[in-house]
Each structure stands twice: as C-alpha cells, then as structure tokens.
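Trainee: curious how this folds, go ahead:
(one chain, ligands or ions: 1)
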Amino acid sequence: MREPAGKPCIRCLIRDLPDGEQLAEIIRERNELLPEGKRAGEALYRARLDICRACPSLNRGTCALCGCYVEIRAAEKARACPDVPGRW
Ligand code: SF4
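Mentor: Prediction:
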C-alpha cells in the first residue's frame, strides 16, 4: 500500500512507508529477539497487521489509541488491540 512520493500515507504500516524501511528493519530485528514463547506466530502476526491496515486508528505505522508501533505491539503474543472492543 505505497503512496506516490510526497503524499503521506495514513493507512500504512512502517514497512509500507516510502521512508520507513530502515525503521521497519530495526523493528524486525527487535521482534526476532522476543523469546519464542512470547512472540506471536507468523500467521497471527500477519492477521493482526491486516486488521491494523484496515483500521481508522492506524496513523503512519502507529496506533492512535495507544501510541504503539503496531508492528511491535502485534508481535507480542500476549498483547491485544487497545480498541474497545478489541479488533484483535
Ligand atoms: S486500534 Fe487496534 S487494529 Fe486499530 S491500529 Fe490500533 S492496534 Fe491496530
């Protein structure tokens, strides 16, 4: 979901932002350091991020409700979406 250069994409994950690749790589490395038991499985992680991508609270990779980078929040198995009711 990339936007043309110069036009901010509100409904993008960090990895989808034109200038977000470096931060996305840092987030990926950070997520890989999570102990196996605490990390969401790949299918769960992808499903959560798909929900965030369609959410009106996603703002350039962060959640407007909690301020988290959603690519970090979604990686931790025990975390939940802060919306009420939670979206994931
Ligand atoms: S409210 Fe939930 S689904 Fe929406 S961006 Fe935040 S974490 Fe993602």
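Trainee: secondary structure element for residue 55?
Mentor: Under the criterion DSSP states H and E, no helix or strand holds residue 55.
Trainee: cool, and residue 19?
Mentor: Assigned by DSSP H and E, residue 19 falls outside every helix and strand.
Trainee: likewise for residue 45?
Mentor: Using DSSP H and E, residue 45 falls in helix 42-53.
Trainee: which bits of the chain sit near the ligand?
Mentor: 51-52, 55, 57-58, 63, 65, 70, 73, 81-83, 87 (C-beta under 6 Å from any ligand atom). Where C-beta positions appear, they are placed from N, C-alpha and C, glycine not excepted.
Trainee: if we go to 8 Å?
Mentor: Contacts of the chain with the ligand, taken as C-beta under 8 Å from any ligand atom, map to 48, 51-52, 54-59, 62-66, 68, 70, 73-74, 81-83, 86-88.
Trainee: could you report the neighbour count for residue 36?
Mentor: 7 (other C-beta atoms under 10 Å).
Trainee: next: residue 61.
Mentor: 23.
Trainee: show the pLDDT at it.
Mentor: Looking at residue 61, its pLDDT reads 93.
Trainee: how far off helix 42-53 does the helix or strand bottoming out on mean pLDDT in the chain point, in degrees?
Mentor: Least confident helix or strand, the chain: helix 21-32 with a mean of 91, by mean pLDDT, DSSP states H and E. Here helix 21-32 runs at an angle of 140 degrees relative to helix 42-53 (axes from the mean of the first three to the mean of the last three C-alpha atoms, to 10 degrees).
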